[in-house]
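Novice: Sharing a model that was predicted from the sequence below.
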Amino acid sequence: MLRPSLPTFAALCLSATLGACATTRLESPRGRASSQASLDAVQAVPSGTVTAAPLAPPPGATASPDAPPLPGAQANAAPNTPTVIAEPVAPPAPPPPVVTSGRASVVGSWDAKDATGASCKVTLSSAPALDLYKASASGCPNKDLARVSAWDFRDGEVYLYQPGGSVAARLRQGGGSLDGALTKSGATLALVR
């Protein structure tokens, strides 16, 4: 005797179950007639009278002069209707400038001015140089400032470094500038854009 496999057995059980669930409409023509008879037994509900007429214009709209007046509409309804005038909308004010502080806000080219009134260019780069960032100075008469090669931002201050790691100057952000002093001489130094 052959044993049916599990998928074959499952298919046989499924087809037997589906066959047992057949409705009376599918079984015989007599079942179809009884279903139709039960649908005919439902009584119709009377409905109201349906009329057709053109719609009145929306409030505030004027009808065209050659259009016939609508039944039941008043001829002078438009003048009594309040008129709404839309005020022009002003564009929103631009957002206030964002005041940034930190390392990213000081990257770029600066004009350095020392206590003697001499000025030169100092550039603070975002390119890393070991644990600092690259910096350069050009045209600086002050020897300490002319040798700046790196910078860092710590505790709200900008530190300018010379080769070998000695601090040339310490500066704090103030408005749109960096204000501070040269380390060796203590002379004031300002970097402005």
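Specialist: The structure has been received and is ready for your questions. Numbers count the residues shown, from 1 in each chain.
Novice: What degree of burial does residue 161 show, as a neighbour count?
Specialist: Residue 161 has 20 neighbours, counted by other CB atoms under 10 Å. For the C-beta atoms, the positions are set from N, CA and C on the backbone; glycine is no exception.
Novice: Repeat that for the one 3 residues further on.
Specialist: Using other CB under 10 Å, residue 164 is surrounded by 7 other residues.
Novice: And for residue 190?
Specialist: 18.
Novice: Name the SS class of residue 144, please.
Specialist: Under DSSP: H, G, I helix; E, B strand; the rest coil, the three-state class of residue 144 is helix.
Novice: Regarding the nearest residue in space to it that is not next to it in sequence, what are the backbone dihedral angles?
Specialist: Of all residues not flanking residue 144 in the chain, residue 168 sits nearest, at 5.0 Å (CB to CB, 6 or more residues apart in numbering). Taking degrees, to the nearest 10, you get phi -90, psi -40 for the backbone angles of residue 168.
Novice: again, but for the one 4 residues further on
Specialist: Listed backbone geometry of residue 172 is phi -120, psi 150, with angles given as degrees, to the nearest 10.
Novice: Any idea what residue 158 is bridged to?
Specialist: Judged by DSSP bridges, the bridge partners of residue 158 are residue 153, residue 171.
Novice: Now do the contacts for residue 107.
Specialist: 124, 125, 126, 133 (CB atoms under 8 Å, 6 or more residues apart in numbering).
Novice: ranking those by neighbours, who comes first?
Specialist: Within the contacts of residue 107, neighbour counts (other CB under 10 Å) peak at residue 124, which reaches 23 neighbours.
Novice: secondary structure element for that residue?
Specialist: Applying DSSP states H and E as the criterion places residue 124 in strand 119-129.
Novice: so after that strand, what's the next helix or strand?
Specialist: Per DSSP H and E, the first helix or strand lying C-terminal to strand 119-129 is strand 132-138.
Novice: which outside residues touch that next one?
Specialist: Contacts for strand 132-138 (CB under 8 Å, 6+ apart): 103, 107, 112, 120-128, 145-152, 160-161.
Novice: roughly how far apart are the closest residue to residue 184 other than its chain neighbours and residue 189?
Specialist: Nearest non-adjacent residue to residue 184, counting by CB to CB, 6+ apart: residue 144, 5.7 Å away. Distance, residue 144 to residue 189, by CB to CB, to the nearest Å: 10 Å.
Novice: overlap in contacts of these two?
Specialist: By CB under 8 Å, 6+ apart, residue 144 and residue 189 have these common neighbours: 169, 182.
Novice: Many thanks, have a good one.
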